[in-house]
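In: Sequence plus predicted model, see below.
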Amino acid sequence: MTDRLTQLLATRDWLLADGATGTTLFNMGLQSGDSPELWNDQHPDRIAALYQGAVDAGSDIFLTNTFGGNASRLKLHDAEKRVGELNRIAAEIGRNVADKSGRDLVVAGSMGPTGEIMEPMGTLTFASAVEMFHEQAEGLKEGGVDVLWAETISAPDEYRAAAEGARLANMPWCGTMSFDTSGRTMMGVTSADMAKLIEKLDYKPIGYGANCGVGSSDLLRTVLGFSAQGPEQVIIAKGNAGIPKYVDGHIHYDGTPELMGEYAVMARDCGARIIGGCCGTTPKHLESMRAALENTPIGPRPTLEQISTTLGGFSSTSDGTDGNAPKARERSGRRRRT
Amino acid sequence: MADEEDIILSELEDEELTLQMHDDLYDGLKEEIEEAVNILLARGWTPYDVLTKALVAGMTIVGIDFRDGILFVPEVLLAANAMKGGMGILKPLLAETGAAPVGKMVIGTVKGDIHDIGKNLVAMMMEGAGFEVTDLGINNSVEKYLDALENEKADILGMSALLTTTMPYMKVVIDTLTEKNIRNDFIVLVGGAPLNEEFSKAIGADAYCRDAAVAVETAKEFMARKHNQAAPQ
């Protein structure tokens, strides 16, 4: 049986994903430092409202409130024994919202990073990372998600571990990385590196792409990098609603709904078929994105210049794929890491 | 591009050995760094010279290339780990000779925030640059920062936040320092993904540090200024 996301992609040119989870929950009263995942159990009504906000704004895909729902993250709240339960509940609430909508919606089970650094630089072994993702995946599956959705990953090994966790749970999956350092992930992965990483995976995702990062211009440069590789997979673009600004003691994201509408259209022109927001993206932004995608014909692939003119400048001159990245240090040719 | 020819560290002249150590730090080779530190000490180098001329100088190169987007977190972590190996040998010797550290820093992620990768990186790079670092970990209240600053007689306070909802807590800490009239006793550096220069100014920090390399450079600069001010009249 084909999964729901693949089915939907077969009938539609593009799909609108959802926006921010954290931003929305904080507006509902979540205190910083508290685990959003505990709310799945404590405040299911608010989690339903979070999902409903995205659905009513026109999202075709929404992510469950389980970003920090792995054992390593939940341990910080002494809830590492509740991985299965908290993920299952989040998925059940999502399933219910989707089924009641009368529309064809995809419930995607969010799986964020473990927050630990993998061997040999750090202490997390590949096997235990797989175990954590698998445990979370089983909970999400039991709760009825249509697809697993790894996001904000920065290390290739952690991405591979998420793939393995999805395979063990026998679930279709998508996975995005966060490109926030000179156009690369924190661990130095470029868009082209990620495309190659996907090619080599045994258990491939339905879609891959970029989420979060630093502003929508950078994110679209990354998307252009993916589409240049001509991937078989669908490309996903989930950028932040601009950049956080500190105004009168509060944090605002400076991306307006209109600007996010332009971003969505450009993301599609860059080659993305699943388009959504990330931090700072409210239902208002999503409505504007939906309207812009529906009312604008698909255009030619934008140039970097067009992107920066419309959405703002890039955080770095090169993203490491154009041959203009800073050159490696001239070395004496002596011993070096292999 | 590994060289087939084996390098015998003990056969290298001092100058060449120091340069090799810079390369080995860059490549994150812990055992080689430890071996070289012992060789220099056996040759009569002071622990302080080994620290500054071999290790700190090598980590400075790592820091520059990290800042410039040539090296990324994995390489820096390996380099810092190699540095730590060398420091393990030097630390007790430095304590014996009574050499003062470059400066003392208290660092931690602010209350409500449990993210620590960036903060750990800064702590490691600061140690790599010869600073003595007290790492308070995650989720720190103003009281914890203040106690540590006092107990450690620190020069620098480093605060980190990854969330837009936790970054305003930095202002709470700085305001408390001001209230207690001790704000000017410390250099306050802030960092974290959602921060920027503007925010740092708005809350009254001394500087915003974009990444770990900038944090080290900024800390050194402020320490130099502090030492100049403290010069005998």
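Out: Nice, thanks for sending it over. Nothing here was measured: the structure is a model prediction, and the numbers come from that model.
In: the bottom helix or strand of chain B by mean pLDDT?
Out: Across the helices and strands of chain B, mean pLDDT, DSSP states H and E gives its lowest value to helix B:117-128, namely a mean of 86.
In: what about residue B:218, neighbour count?
Out: 19 (other C-beta atoms under 10 Å in any protein chain shown). (C-beta placed from N, C-alpha, C; glycine too.)
In: Likewise for residue A:217?
Out: Using other C-beta under 10 Å: residue A:217 sits among 22 other residues.
In: Spatially nearest residue to it, not counting backbone neighbours?
Out: residue A:311 (4.5 Å; C-beta to C-beta, 6 or more residues apart in numbering or on different chains).
In: is chain A contacted by the least confident helix or strand of chain B?
Out: Yes. With C-beta under 8 Å from any C-beta of the partner chain as the criterion, chain A is reached by helix B:117-128 at residue B:117.
In: is it true that residue B:152 touches residue B:103?
Out: No. If you go by C-beta atoms under 8 Å, residue B:152 and residue B:103 don't touch, sitting 11.1 Å apart.
In: Find residues that contact each of these two.
Out: residue B:132 (C-beta atoms under 8 Å, 6 or more residues apart in numbering or on different chains).
In: Please say which of those two ends up with more neighbours.
Out: Each of residue B:152 and residue B:103 has its neighbours counted (other C-beta under 10 Å); residue B:103 has more, 22 against 14.
In: Contacts only, for the residue nearest to residue A:217.
Out: A:215-217, A:220, A:259, A:262-263, A:266.
In: and the next element down the chain from the least confident helix or strand of chain B?
Out: Following helix B:117-128 in sequence order, the next helix or strand is strand B:132-135 (DSSP states H and E).
In: Now the element after that next one, going C-ward?
Out: Scanning onward from strand B:132-135 (DSSP H and E), the first element met is helix B:142-152.
In: Strand partners (parallel or antiparallel) of the next helix or strand after that following helix?
Out: Reading on from helix B:142-152 to the C-terminus, the next helix or strand found by DSSP H and E is strand B:156-160. Looking at strand B:156-160 with DSSP bridges, its partner strands are strand B:104-109 (parallel), strand B:187-191 (parallel).
In: I'd like those strands as TSV, with mean pLDDT and mean neighbour count appended.
Out: Shown next, in TSV, are the strands paired with strand B:156-160 (pLDDT from 0 to 100; neighbours: other C-beta atoms under 10 Å in any protein chain shown):
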stretch	mean pLDDT	mean neighbour count
strand B:104-109	96	26
strand B:187-191	97	24
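In: any chance of those strands in CSV, with distance to residue A:82 too?
Out: What follows is the strands paired with strand B:156-160, written out as CSV (distance: least, C-beta to C-beta, whole Å):
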stretch, distance to residue A:82
strand B:104-109, 24
strand B:187-191, 32
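In: wait, what's in contact with residue A:98?
Out: A:51, A:55, A:62, A:105-107.
In: how about the residues you listed in TSV, adding distance to chain B?
Out: TSV is the format used below for these (distance: C-beta to the nearest C-beta, whole Å):
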residue	distance to chain B
A:51	21
A:55	25
A:62	22
A:105	29
A:106	28
A:107	26
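In: how much space between the residue nearest to residue A:217 and residue A:269?
Out: Distance, residue A:311 to residue A:269, by C-beta to C-beta, to the nearest Å: 12 Å.
In: picking up where we left off before, so which residues make contact with the least confident helix or strand of chain B?
Out: Contacts for helix B:117-128 (C-beta under 8 Å, 6+ apart): A:115, A:117, A:186, B:55-56, B:59, B:62-63, B:73, B:76-77, B:79-80, B:83-84, B:87, B:105, B:107-109, B:133, B:135, B:138, B:158, B:160, B:162, B:191-193, B:209, B:212-213, B:215-216, B:219.
In: Tell me which of those fall in helices.
Out: B:59, B:62-63, B:73, B:76-77, B:79-80, B:83-84, B:87, B:212-213, B:215-216, B:219 (DSSP state H).
In: Those residues also near chain A: which ones?
Out: Restricting the ones in helices among the contacts of helix B:117-128 to contacts with chain A (C-beta under 8 Å from any C-beta) yields B:73, B:77.
In: And the ones in helices among the contacts of helix B:117-128, which is closest to residue A:179?
Out: residue B:73 (13.3 Å; C-beta to C-beta).
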